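**Student:** Okay, predicted coordinates and the sequence, questions at the end:
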Amino acid sequence: MADEIRHALTRLVEPVMPGPDPYQRLLVRVRRRRQRRITVAGVAGLTAAALALPAFGAAGRLVTGVASSPPATGTYQPASRIETPLVRQLLDSPTRGNLAGDGALIADIQRQYRTARARLLVDPALGEVKVLLAHDAPGGRIVVVAFLGDSHALLRSAIAQVGASVPDLLSTTGTPDAPLPLEPYAFLSRLSPTDGGHVADVTVGLAPAGCLVETSGDGRLQPDGSIARSWQVASSDGLAVGGAGPVTERWRFTCQGVVRYSGPAGGGPGVVLSTKAAAPVSTAGARGSVDAALAAVAVRDLRELAEGQGLTGPAPKVVWGGRLPDWVSDAPEAVLVNSCSTDAGCAALLKIDAGPQPPREASAPTGYRTAVGRPDLTVVPVPGETAGVLVVGPQTATRVELLDKSGRTIADGQLAAGAGALRVDPRQVVGAKVFDAAGQLLLTGATPNLGTNSDQFGEPTVWAW
């Protein structure tokens, strides 16, 4: 009985990790909705066909690429009010894309989409049909169509094969689960079967005409957690189109001098649903006892996270492996991997063995936390609800002190071969001091971005529409 009381009191007083920030919760909802739809498509025997996942507005506003069943007579989704100047600018923009000059095709799209309003749940009172985008990309033909009234509008989109007819486009035009507010941008992607999973092979971003679009795929992490990168102009007409295959770059949209979006291409990382085991990786030089299979998954996850954010660096390497302490739920096996840029900033990922998992997304590996470090020091939060961090410093280090923003020591503990876990609220930790067995200071380092609870390595996504 006494032991039970002590355990209960321990659980009551232990620090608790904060919940995900709103952006992360939104991504989780997007991932769950995408997963449900792809699962349904597989059951229906559609996994051999490409799936379109357009997104209008915020990252969670997705529509399926599988055409809906015909609605009941008189049923339609209410159109959204045109409320902001940027939305009006998008709707007033001329048709963009390399098919915009094909007048006969544009007129045919307008005519057939107007005829299909009932099937697309469009209010028949929206009499004007305008093609905002018509484009043949390496991976497919994309259209975005607006149905317009005096003060309201509604958007629909489709991605089909290159050269697809208008009926083919209509057959892949989806409808959202619920009415969506109008936003001044549209991000679209299509998932196609690749190597036992699904990968976005078409990625498009559309903003009002005149917006500057830039891309960057050369981001280099800095030791202080910032990113150094260069930007290349992709378009001055509000249109971004990714190449065939996963887009490993960052996009930036600037409208009238204001950065409206800066983040992963396509409004969010491309989705990869892996059903194959990760390729084996070398564990040479790693400290501790490394689970080779878990290390392979951790390396894959970190590589995909970094690539999805337009970061460059060598292939991730395995740094440490072992079992986390009992105060971490289930005391799981864990592996720490990192990839360090030429500027000595390191992206680190701590992965735990979370047991069997459902098919995953490239941007959402389960049972992990990330951090920014340097080659000789990594401090990363432990996954799960209990607050704590794993510290990996020089191999000769035997003790670490964790510091808050005032320079006060808020936690200290022993290290074995330079590694150890400490119970502390990561949000309070801004630096670390590492000592050897003689008590000599080996190094002092900053621990940037531990309080963000985000997997965006020091470069948050900007949504300012």
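**Tutor:** Cool, got the structure.
**Student:** Show me where this protein has its helices.
**Tutor:** Taking DSSP state H to define them, one finds helices in the chain at 2-13, 22-43, 85-92, 103-115, 166-171, 292-308.
**Student:** Kindly report which one of those carries the lowest mean pLDDT.
**Tutor:** Mean pLDDT is lowest for helix 22-43 among these, at a mean of 35.
**Student:** right, and G373 touches C346 too?
**Tutor:** Yes - using CB atoms under 8 Å, G373 is in contact with C346, at 4.6 Å. Where you see a C-beta, it was placed from the backbone N, CA and C, and this is true even at glycine.
**Student:** How is the chain divided into domains?
**Tutor:** 22-267, 287-459 (automatic domain parsing).
**Student:** in stretch 125-137, what counts as buried?
**Tutor:** Under the neighbour-count criterion of 16 or more other CB atoms under 10 Å, stretch 125-137 has 126, 129-137 buried.
**Student:** Show the average pLDDT along that stretch.
**Tutor:** What stretch 125-137 shows for mean pLDDT is 95.
**Student:** Relative to I109, how far out is P167?
**Tutor:** 11 Å (CB to CB, to the nearest Å).
**Student:** Comparing the domains of the chain by mean pLDDT, which bottoms out?
**Tutor:** domain 22-267 (a mean of 80).
**Student:** Now render the domains of the chain as CSV, adding distance to P280.
**Tutor:** Below are the domains of the chain laid out as CSV (distance: least, CB to CB, whole Å):
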stretch, distance to P280
domain 22-267, 16
domain 287-459, 6
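**Student:** if we compare those domains, which one ends up closest to V281?
**Tutor:** Of all the domains of the chain, it is domain 287-459 that lies closest to V281, at 4.7 Å by CB to CB.
**Student:** Would you mind measuring the gap between the ends of that closest one?
**Tutor:** End-to-end distance for domain 287-459: 30 Å, by CA to CA, to the nearest Å.
**Student:** Run the chain-centre distance for it.
**Tutor:** Between the centre of domain 287-459 and the centre of its host chain there is 20 Å, according to CA atoms, centre = their mean, to the nearest Å.
**Student:** and what of stretch 75-83?
**Tutor:** 29 Å.
**Student:** residues in contact with that stretch?
**Tutor:** 88, 91, 117-118, 121-124, 126, 147, 149, 151-154, 175-176, 178-182 (CB atoms under 8 Å, 6 or more residues apart in numbering).
**Student:** Now, of those, which are buried?
**Tutor:** Burial by neighbour count, judged by 16+ other CB under 10 Å, picks out 91, 117-118, 121-123, 126, 147, 152-154, 175-176, 180, 182 from the contacts of stretch 75-83.
**Student:** If we only consider these, which is nearest to L221?
**Tutor:** When these are compared for distance to L221 (CB to CB), L180 wins out at 35.6 Å.
**Student:** Go through the contacts of stretch 75-83 and flag which are in strands.
**Tutor:** Using DSSP state E, the members of those that fall in strands are 147, 152-154.
**Student:** Arrange the residues you listed in TSV, one row each, with distance to S230 as further columns.
**Tutor:** Shown next, in TSV, are the ones in strands among the contacts of stretch 75-83 (distance: CB to CB, whole Å):
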residue	distance to S230
F147	40
H152	42
A153	37
L154	39
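**Student:** export stretch 323-331 as CSV, just CAs?
**Tutor:** Output in CSV follows, covering the C-alpha atoms of stretch 323-331 (Å, rounded to 0.1, in the frame of the first residue of the first chain):
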residue,chain,number,x,y,z
ARG,A,323,16.5,2.3,-23.3
LEU,A,324,15.1,5.5,-21.8
PRO,A,325,14.6,5.6,-18.0
ASP,A,326,11.6,4.2,-16.1
TRP,A,327,10.1,7.7,-15.7
VAL,A,328,9.5,7.7,-19.4
SER,A,329,6.3,5.9,-20.2
ASP,A,330,7.0,2.2,-20.8
ALA,A,331,10.8,2.9,-20.7
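**Student:** on that earlier part again, report the two of the buried ones among the contacts of stretch 75-83 separated the most.
**Tutor:** L91 and A118 (22.1 Å).
**Student:** quick one: V122 from A158, how far?
**Tutor:** 14 Å.
**Student:** residues in contact with the residue nearest to T254 when sequence neighbours are not counted?
**Tutor:** The shortest distance from T254 to any non-neighbouring residue, by CB to CB, 6 or more residues apart in numbering, is to L212 (4.4 Å). When contacts are counted by CB under 8 Å, 6+ apart, L212 touches 233, 235-236, 253-255.
**Student:** got a winner among the residues you listed for most neighbours?
**Tutor:** Highest neighbour count within these: F253, with 27 neighbours (other CB atoms under 10 Å).
**Student:** Contacts only, for the closest residue to that one other than its chain neighbours.
**Tutor:** Using CB to CB, 6+ apart and skipping residues adjacent in sequence, the residue nearest F253 is Y261, 4.3 Å away. Y261 makes contact with 185, 205, 207, 251-253, 267, 461-465, according to CB under 8 Å, 6+ apart.
**Student:** Can you flag the buried ones in those?
**Tutor:** So, by 16+ other CB under 10 Å, the buried ones in those are 185, 205, 207, 251-253, 267, 461, 463, 465.
**Student:** What is the nearest of those to R96?
**Tutor:** Within the buried ones among the contacts of Y261, proximity to R96 (CB to CB) peaks at A207, which comes in at 9.7 Å.
**Student:** Distance check, that closest one against P124.
**Tutor:** In this view, A207 and P124 are 29 Å apart by CB to CB.
**Student:** Check G420 too.
**Tutor:** Applying CB to CB to G420 and P124 gives a distance of 67 Å.
**Student:** same question, I410
**Tutor:** 64 Å.
**Student:** Quick one: the contacts of L212 as JSON lines, columns for distance to L336 too.
**Tutor:** Formatted as JSON lines, the contacts of L212 follow (distance: CB to CB, whole Å):
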{"residue": "V233", "distance to L336": "38"}
{"residue": "S235", "distance to L336": "40"}
{"residue": "S236", "distance to L336": "43"}
{"residue": "F253", "distance to L336": "35"}
{"residue": "T254", "distance to L336": "37"}
{"residue": "C255", "distance to L336": "41"}
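**Student:** Looking at these, which are in strands?
**Tutor:** Counting by DSSP E, the contacts of L212 contribute 233, 235, 253-255 to strands.
**Student:** check contacts around T378.
**Tutor:** 319, 336, 338, 346, 348, 371, 390-393.
**Student:** Go again with 10 Å.
**Tutor:** 319-320, 336-338, 346-350, 371-372, 389-393, 419, 432, 445, 447 (CB atoms under 10 Å, 6 or more residues apart in numbering).
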